[in-house]
Every structure is written in structure tokens, then in C-alpha cells.
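> Turn this into a model:
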Amino acid sequence: MHQQFFRTLMITTLVLGCIMITGVIHAGPMEDSMAAYDGGDYATAMRLLRPLAEQGDAQAQNGLGAMYYNGKGVAQDFKAAVKWYRLAAAQGYASAQLNLGAMYYEGQGVPEDFIRAYMWLSIAAAKGNPNAVRLRDTVSKYIIDPQVVEALTMAHKCETSQYKQCD
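Now for the predicted structure:
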């Protein structure tokens, strides 16, 4: 039930995040990687994304996380997806924060943790990410009010520390 929704959400987030980040398309490795991904050439997409991700590009880190999540161009590996999402989330990248929250919600690559999921989703939702708002509302059905307060306190601490105190 959750799987289908999140698989669609992850792919949509990856594609929209890459398109909307600049508002204008410039030819370059990121755009070339997206074209390769869209064309089903996952090996090329991975080859182009990995160096950008390793250099700290949050958009590329999120994209690499999505490739690991979906098993495109690499073996599916939720722990690797979490690693890359976390790196991008720590740079304030809302799509990665959404994806990381979804991973905590599903318990994929990390232990299932609705409070931490709510925390990351709240951070992404505060940046106007509508998918984060919807998923956060879903997560809220699994936690009680004191846990919501705890998650929001954690989110505030995470943001005010510039993502250094998020765990």
C-alpha cells in the first residue's frame, strides 16, 4: 500500500526537483543525467550524477539517493539511498528532506520512526513542498500530540543548528 505511493512520490520528486531547481534549463552534467535517466540509460545517469553528488551537489545527492531507492543503474539499496538523501537534506534540500522523511515512515534503510519522519516532513513542508505536507498529514495519524510536539521541537533544533543536530 505504502510502497506504490512512495515509489511514485520518489520518482516524481526526483524529476520535479531537478526541473524546478533553476527554473531555466542549462545544458550540463545534471541536465544530461536527467535526460539519460528519462531515456532509461541509468548507467549514464549514474556516471554523471555520482561525481556531482560526491562534490556536494545536493540535487545530485538527492538524485543518486532516488536511483539507489528505485534500483535504477545500481542494485536497490535503501541504506545507500538514506545516505545520499541525508547529505542533501543536511544542505536544506527540501526534496531530500521529503524523501528522508518517507524512508523513516516506511522503515526503509532506517528503523521505522514516525517521529523522525514527521520531523523531516515538517521541515520540507515549511519550505512549501506539497508532497511533504500530504505525507506529514498521513504520518500524523500514527503519532499522538506529545509526539508531534517532540517532532516539531526536533525540527526546530535541526533547522537552527543548520542541520547539524538532526539525529
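> how would you label residue 110: helix, strand or coil?
When classified by DSSP: H, G, I helix; E, B strand; the rest coil, residue 110 comes out as coil.
> quick one: contacts for it?
Listed by C-beta atoms under 8 Å, 6 or more residues apart in numbering, the contact partners of residue 110 are 82, 103-104, 116. (Each C-beta comes from the backbone N, C-alpha and C, glycine too.)
> Nearest to residue 139 among those residues?
Relative to residue 139, the closest of the contacts of residue 110 is residue 104; by C-beta to C-beta it sits at 8.7 Å.
> what's the average pLDDT for the helix or strand hosting the closest one?
Secondary structure assignment for residue 104, by DSSP states H and E: helix 94-106. For helix 94-106, mean pLDDT is 98.
> Just the C-alpha atoms of that helix, please, in PDB.
Backbone C-alpha positions of helix 94-106 (Å, rounded to 0.1, in the frame of the first residue of the first chain) are rendered in PDB as follows:
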ATOM      1  CA  ALA A  94      13.500  20.100   0.600                       C
ATOM      2  CA  SER A  95      13.000  17.200  -1.800                       C
ATOM      3  CA  ALA A  96      15.700  15.200   0.000                       C
ATOM      4  CA  GLN A  97      14.100  16.100   3.300                       C
ATOM      5  CA  LEU A  98      10.800  14.700   2.000                       C
ATOM      6  CA  ASN A  99      12.500  11.600   0.800                       C
ATOM      7  CA  LEU A 100      14.300  11.100   4.100                       C
ATOM      8  CA  GLY A 101      11.000  11.500   5.900                       C
ATOM      9  CA  ALA A 102       9.400   8.900   3.700                       C
ATOM     10  CA  MET A 103      12.300   6.500   4.400                       C
ATOM     11  CA  TYR A 104      11.700   6.900   8.200                       C
ATOM     12  CA  TYR A 105       7.900   6.500   7.600                       C
ATOM     13  CA  GLU A 106       8.400   3.200   5.700                       C
END
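> Show me what it is packed up against.
Counting contacts by 3 or more C-beta pairs under 8 Å, 6 or more residues apart in numbering; DSSP states H and E, helix 94-106 is packed against helix 2-20, helix 58-70, helix 78-89, helix 114-126, helix 130-139.
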